[in-house]
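Asks: A predicted structure for the sequence below; I have some questions about it.
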Amino acid sequence: GNAQAYPIYRSFDVASVTCVASELVRCGDRQEGKTGYFDAELRDVAGVLAARDLFPGAWFSHGGSDFRGADLPSDVAALAGLLPLQLDAEDLLEGETLSRAVTVLGSAVWGQLAWMALTWPAVPELGLGPEHARTGVQACFNIDANHEPVAGHTVYVHVHPGDEDRARHLARTVGQDLIGPPEYGW
């Protein structure tokens, strides 16, 4: 990737991580027509059924087979035979859609919310112009920025490599700070 992901907040609470990530997204400008991405791994039938009802247009994948939510088997035994399923959705991650994602994340093994292609504003006092290359916010649930398993949930700010000053400035804008070294970004 051409970015670094700086961790700025960590918790075991899905709602608080989502809240901090949403605040951070509001620090940037979204490019017209850009959406967010929501991925989660689901290992129980109840979680899959809830996710299907909340995201009927999302893709659910298992072993090379892909299903739209509305096309998943309605038979519980057939559905159980497909577990685990990975949900992949592209949507505008705000308001009601974001609330639905939080509901699904509550029963997911892991998941992520990603807002890509944000433009970070200029920070003249730090000598930084606007930045829009490989920028964004990522909220990871039981994984790190590179999808390796970890305990807890983390919010990352993605900035140009070596742009620690911008990452720290953005974190402080939402009442946080850098809490660890950067990870490989987008």
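Replies: Yep, that arrived.
Asks: Is residue 112 in a helix, a strand, or coil?
Replies: Here residue 112 is recorded as strand under DSSP: H, G, I helix; E, B strand; the rest coil.
Asks: number of nearby residues for it?
Replies: 23 (other C-beta atoms under 10 Å). From N, CA and C alone the C-beta is placed, and that goes for glycine too.
Asks: how about residue 114, what does it touch?
Replies: For residue 114, the contacting residues are 36-39, 136-139, by C-beta atoms under 8 Å, 6 or more residues apart in numbering.
Asks: From residue 13, how far out is it?
Replies: To residue 13, residue 114 is 19 Å away according to C-beta to C-beta, to the nearest Å.
Asks: Just checking: what are the partner strands of the lengthiest strand in the chain?
Replies: As assigned by DSSP state E, the longest strand anywhere in the chain is strand 149-159. Here strand 149-159 is paired, per DSSP bridges, with strand 4-11 (antiparallel), strand 136-143 (antiparallel).
Asks: And the contacts of the first one?
Replies: Okay, so that is strand 4-11. Counting by C-beta under 8 Å, 6+ apart, 16-17, 20, 24, 138, 145, 152-164, 167-168, 170-171, 174, 176-180, 182-186 sit against strand 4-11.
Asks: Deepest in the core, which of the strands paired with strand 149-159 is it.
Replies: strand 136-143 (a mean of 25; mean count of other C-beta atoms under 10 Å).
Asks: quick one: average confidence on that one?
Replies: Averaged over strand 136-143, pLDDT sits at 96.
Asks: quick revisit: now, of the contacts of strand 4-11, which are buried?
Replies: 17, 20, 24, 138, 145, 153-160, 163, 167-168, 170-171, 174, 176, 178, 182-183, 185-186 (16 or more other C-beta atoms under 10 Å).
Asks: circling back to that earlier point, okay, the longest strand of the chain in PDB with CA atoms only?
Replies: Taking C-alpha atoms only, strand 149-159 is exported to PDB below (Å, rounded to 0.1, in the frame of the first residue of the first chain):
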ATOM      1  CA  PRO A 149      -6.600 -11.700  14.500                       C
ATOM      2  CA  VAL A 150      -6.300  -9.500  17.700                       C
ATOM      3  CA  ALA A 151      -8.300  -9.100  20.800                       C
ATOM      4  CA  GLY A 152     -10.400  -6.000  20.800                       C
ATOM      5  CA  HIS A 153     -11.400  -3.300  18.200                       C
ATOM      6  CA  THR A 154      -9.300  -0.500  16.800                       C
ATOM      7  CA  VAL A 155      -9.800   2.700  14.900                       C
ATOM      8  CA  TYR A 156      -7.000   3.500  12.400                       C
ATOM      9  CA  VAL A 157      -6.400   6.700  10.400                       C
ATOM     10  CA  HIS A 158      -4.800   6.200   7.000                       C
ATOM     11  CA  VAL A 159      -2.300   8.800   5.900                       C
END
